[in-house]
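> Sequence and predicted structure below; questions after.
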Amino acid sequence: MSESACTTSLKFFWGPMDCGKSTLALQIGHNHARQGRRGLVLTRLDRSMKPQVTTRIGLVAAAIEVEPSLNLAELVREQPFKVDYLICDEACFYTVAQIEQLADLVDYHEVDVYAFGLATDFTSHLFPAAQRLFELADEVFRLQVEVLCWCGRPGRLNARVFGDTVVREGEQIVIGDTAADDDQVRYQVLCRRHYRSGALAAAAV
């Protein structure tokens with residue numbers, strides 16, 4: 001492949017929980033498949049804890065679980081067909097080495113890569129894989145589906161919650177959802193002000 005022949009790209013779509021990342025991932029995959037292109041759907045630690053992509057509006061698709069030891073370039077080369085594209089959900093949980101492999105697939109193997117994920121963890125710091133995607137992606141898109149904090153301001157940060165308390169310490173990756181029992185870890189999207197103050201709802205008058 002000549003240097004001028006490469007028309008594939010690495011695109012990163014990001015935003016807080018509830019903004020429709022997984023829904024968009026499945027829609028893009030559907031659109032490519034309809035045109036006869038062949039691809040793979042990948043995920044890492046979906047909320048269902050199964051090798052699939054699930055959405056909060058009920059869409060589900062089978063997927064390949066991206067274990068930390070999985071070499072994505074080798075995965076593509078091992079397929080019995082030419083892989084035209086990858087849909088990479090929960091890419092923030094991939095390893096940095098796997099993000100490098102995605103870039104290699106775009107640059108040297110003519111594979112379009114569509115990555116979807118959070119930018120920051122529950123401490124408001126970038127996930128290492130997300131940081132690398134910001135650095136390497138040809139295009140970066142913040143999803144425009146508006147997520148609101150309980151106060152009505154735009155929700156920007158994902159707070160980890162246990163009971164009625166925002167958790168500030170712990171493992172970077174702990175799987176939970178926006179709906180969970182009080183004795184389980186859950187996540188709540190908050191504006192910057194209420195993320196920093198830890199306020200999960202308006203105080204009772």
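Noted; the coordinates are in hand.

> So for stretch 24-41, what gets flagged as buried?
Buried residues in stretch 24-41, counting neighbours by 16 or more other Cβ atoms under 10 Å, are found at 24-26, 28-29, 32, 39-41. C-beta: built from backbone N, CA, C; applies to glycine.

> mind putting those in a markdown table, distance to residue 48 included?
Written out in a markdown table, the entries for these read as follows (distance: Cβ to Cβ, whole Å):
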| residue | distance to residue 48 |
| --- | --- |
| 24 | 18 |
| 25 | 14 |
| 26 | 14 |
| 28 | 20 |
| 29 | 17 |
| 32 | 23 |
| 39 | 21 |
| 40 | 18 |
| 41 | 14 |
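
> ok, the residue nearest to the spatial centre of the chain to residue 103 distance?
Centroid-nearest residue in the chain: residue 117, 1.8 Å away (criterion: Cα atoms, centre = their mean). With distances defined as Cβ to Cβ, to the nearest Å, the gap from residue 117 to residue 103 amounts to 15 Å.

> next one: residue 191
33 Å.

> Settle it for me: which of those two has more neighbours?
For residue 191 versus residue 103, neighbours defined as other Cβ atoms under 10 Å are more numerous around residue 191 (20 against 17).

> List the contacts of the more buried one.
With contacts defined as Cβ atoms under 8 Å, 6 or more residues apart in numbering, the neighbours of residue 191 are 149, 151, 153-157.

> so residue 187 makes contact with residue 162?
No - taking Cβ atoms under 8 Å as the contact criterion, residue 187 and residue 162 are not neighbours in contact, 10.5 Å apart.

> Could you list the domains of this structure?
The domain map for the chain lists 3-142, 146-205, with the assignment taken from automatic domain parsing.
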